[in-house]
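[1] okay, sequence plus prediction incoming.
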Protein chains: 2
Amino acid sequence: MATQRIVDFLSQRRPMSPCLVVDLDVVRENFNGFRRALPDSSIFYAVKANPAPQILALLAALGSSFDCASVAEIEMALEAGASAGRISYGNTIKKERDVARAHGLGVSLFAVDCVEEVEKIARAAPGARVFCRVLTDGEGAEWPLSRKFGCVPEMAIEVLEHAHRLGLVATGVSFHVGSQQTDTQAWDGALADAAHVFQRLAERGIALTLVNMGGGFPTRYLKDVPSAEAYGRSIFEGLKRHFGNALPETIIEPGRGMVGDAGVIKAEVVLVSKKSASDENRWVYLDIGKFGGLAETMDEAIRYPIVTARDRDAKSPCVLAGPTCDSADVLYEKTPYPLPVSLTVGDEVLIEGTGAYTTTYASVAFNGFEPLRAYVI
Amino acid sequence: MATQRIVDFLSQRRPMSPCLVVDLDVVRENFNGFRRALPDSSIFYAVKANPAPQILALLAALGSSFDCASVAEIEMALEAGASAGRISYGNTIKKERDVARAHGLGVSLFAVDCVEEVEKIARAAPGARVFCRVLTDGEGAEWPLSRKFGCVPEMAIEVLEHAHRLGLVATGVSFHVGSQQTDTQAWDGALADAAHVFQRLAERGIALTLVNMGGGFPTRYLKDVPSAEAYGRSIFEGLKRHFGNALPETIIEPGRGMVGDAGVIKAEVVLVSKKSASDENRWVYLDIGKFGGLAETMDEAIRYPIVTARDRDAKSPCVLAGPTCDSADVLYEKTPYPLPVSLTVGDEVLIEGTGAYTTTYASVAFNGFEPLRAYVI
């Protein structure tokens, strides 16, 4: 997945290790892929996946909208050229003063999942549109989906009716099927829930119009994943099944699916060793770990492809760890990672599929190590 | 654990939430406590726990030495006034060019745990002193101790002999009994291993002199922990038991034990809600979470005391979560946290015992949120 442009950049520029290189051509292809697969949906890029200004500017120019988690992300999207009308404040957890700031910047679309949040928005962004997030079970997702966001559909009905009573525009329902979702059918149950909420509110005289189908679209790590087209077909069928001829407006919020496979981390082998003479697994220590950008290896959730110049040599299982003095900074141990037996100190490795959820996850300076540098080309 | 100085600072300065406030008086007391408890040991402060310049300067002035994880931390210790002779490069995972840089800065004490690392040091820091880290089981520790650092004692013997052969000074053995170690007897087995390595190398004509007993000294979170004196007595008895009259020089490396209870995070309740009408637990969302400095809540390992102005009211269990759009950003869920039923949006909470492993763990800008601000008073 290291494109020729990334390979050329690394060989010509030889940037210091570790660093991330993101190829904008891949982001553009991904955006166009989503547009083709779901031509009737608006694409709201999940800025948190990678807020690099060049990525935001490209997507703004391509006509993307933006799903923002904070006022800072809203400001970045505006700077990149998005109009406020193309921005959703998609975090269900907002300080009232941040709602007011977003409102002041012209943002008029807000996520909620409880009456408490509706009341903040009614006070700080009067007249705004709100959508209510409903809980889904996240089955089939590789990154753990907790119950942190959303409420049960029955409560969503009350939340949206409350919004309507307070003068907000109750605009629809959102859900999230779980990040790195590899089951194309995962959207179906949530669409059924959404249709139920639409119907119940219609009975109360409130016409919802929007279904925000969230993100979850996977990037290819070690295993193949379904194509954007396969997701598009499955989602469209689900919409027809549950909404019939009265299809709602729809939004999707790809983050990982937009930039994950556009990025490659160059890292260096700092040490290869064993713990005892009889140790079966080698320990391979890289100059990047859990606190330097690879936080998604938490619980070994995301398993990145790792490419070395020695991949034609025989391989044997390794425990892979980061460079900090923290014993929790181990990437893969429960399921050791096969790496070339010839791998040695100073070797370069490429960690693929690292365009999303790496740079901003990096710690400020844990153990004195700098945050992950990034080059967007 | 919020000292009067911290309480006064917060009420007079009213800094923006979230932020950490560290009271240097507590750091001074902790340093003096360690000095009293282990009068014959040198104290090497583990800089990674909190590298705030004011903390380093205070400890340098008090006569502390410094355990550094990287060249950046070495430079911080030097800037704070420590001489290079009072610095240990304690990370067993070092790039050879970083060893050379440390050597160039005058550092002459290095950690190793394998022959590969010894060879780097022999090349890049000829003549330096090295100590070899041995594996311990970490039983009794609250923060997970993996097998990431150290080797078995039998291998340590070979590693140190190899260092000796390459012209380095094989100076001793280190170990770490696991962070937030609450069993004062935990040092005993490791001291037995260290004595065994000493003896075996003496038989080969190599006289080790140093036992680096690492950190692990706990800070008080919700449960009481033994006093520094109790650790001191237990460790001194272990030394006598295993080394007899030939007591080695000893080093301790407190980090959490030095600064953990010196810091308090001020945070704000952003939202209190339920997921369904029948939900037994409330969800309480703070403006700080796993990615904003509370990374040690990973797997609910560290359970911080949380103080509110409503603590005299009745309490009920809450799921506690951070402010980001990441479903993994949940602090306590498996074991819900009892908080006042009257707790509401906008309330201030104090998260105590947060002087260590918070600011530098914070992510650069995840979800657009700034890293944790800190005030050292």
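    Arrived safely, thanks for sending.

[2] got the phi and psi for A:S174?
    Main-chain torsions, A:S174, degrees, to the nearest 10: phi -130, psi 160.

[3] A:C151 now?
    Phi and psi for A:C151, reported as degrees, to the nearest 10, are phi -140, psi 170.

[4] who in the stretch 201-350 of chain A is up against chain B?
    The stretch 201-350 of chain A comes close to chain B at residues A:268, A:270-277, A:283, A:285, A:287, A:291, A:295, A:298, A:319, A:321, A:323-330, A:333, A:345-346, as judged by C-beta under 8 Å from any C-beta of the partner chain. For the C-beta atoms, the positions are set from N, CA and C on the backbone; glycine is no exception.

[5] buried subset of those residues, written for PyMOL?
    Of those, the buried ones can be selected in PyMOL as follows, counting by 16 or more other C-beta atoms under 10 Å in any protein chain shown:
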select buried, chain A and resi 268+270+271+272+273+274+275+283+285+287+291+295+298+319+321+323+324+325+326+327+328+329+330+333+345
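
[6] among the residues of the stretch 201-350 of chain A next to chain B, which are in strands?
    A:268, A:270-273, A:283, A:285, A:319, A:321, A:330, A:333 (DSSP state E).

[7] quick check, A:F198 in a strand?
    No. Looking at A:F198 with DSSP: H, G, I helix; E, B strand; the rest coil, it is helix, so not inside a strand.

[8] so what pLDDT did the nearest residue to it once chain neighbours are set aside get?
    Counting by C-beta to C-beta, 6 or more residues apart in numbering or on different chains, the nearest residue to A:F198 once its immediate chain neighbours are dropped is A:L208, at 4.9 Å. On pLDDT, A:L208 comes in at 98.

[9] backbone phi and psi for A:S65, please?
    Dihedral angles of A:S65 (phi, psi; degrees, to the nearest 10) stand at phi -100, psi 180.

[10] got the contact list for it?
    A:42-45, A:82, A:86-88, A:251 (C-beta atoms under 8 Å, 6 or more residues apart in numbering or on different chains).

[11] neighbour-wise, which one of those leads?
    Most neighbours among these, by other C-beta atoms under 10 Å in any protein chain shown: A:Y45, with 34 neighbours.

[12] quick one: the host helix or strand of it to chain centroid distance?
    Using DSSP states H and E, A:Y45 sits in strand A:41-46. Offset of strand A:41-46 from its chain centre (C-alpha atoms, centre = their mean, to the nearest Å): 12 Å.

[13] before we move on, the earlier item: the residue nearest to A:F198 reaches A:Q199, doesn't it?
    No. Between A:L208 and A:Q199 there is no contact under C-beta atoms under 8 Å: 9.3 Å.

[14] please say which of these two ends up with more neighbours.
    Set A:L208 next to A:Q199 and count neighbours by other C-beta under 10 Å: A:L208 wins out with 24 against 13.

[15] distance check, the more buried one against A:V99.
    Relative to A:V99, A:L208 is positioned 21 Å away (C-beta to C-beta, to the nearest Å).

[16] ok, now A:F110?
    From A:F110 over to A:V99 the distance is 7 Å, taken as C-beta to C-beta.

[17] more crowded one of the two?
    A:F110 (27 against 22).

[18] quick one: low-confidence ranges for chain A?
    Across chain A, the ranges flagged by pLDDT under 70 are A:137-145.

[19] please parse it into its domains.
    The record, using automatic domain parsing to delimit domains, assigns chain A the ranges A:90-254, A:261-376.

[20] that older thread, next helix or strand past the strand holding A:Y45?
    helix A:53-62.

[21] gap between that next one and the chain center?
    Computed by C-alpha atoms, centre = their mean, the chain-centroid distance of helix A:53-62 equals 16 Å.

[22] and the next helix or strand after it, how far out from the chain middle?
    Using DSSP H and E, the next helix or strand after helix A:53-62 towards the C-terminus is strand A:65-68. Relative to its chain's centre, strand A:65-68 lies at 12 Å (C-alpha atoms, centre = their mean).

[23] out of the contacts of A:S65, who's nearest chain B?
    Of all the contacts of A:S65, chain B sits closest to A:S88, with 11.4 Å by C-beta to the nearest C-beta.

[24] I figured A:R5 hits A:V27, correct?
    No. Assessed by C-beta under 8 Å, A:R5 is found out of contact with A:V27, at 11.9 Å.
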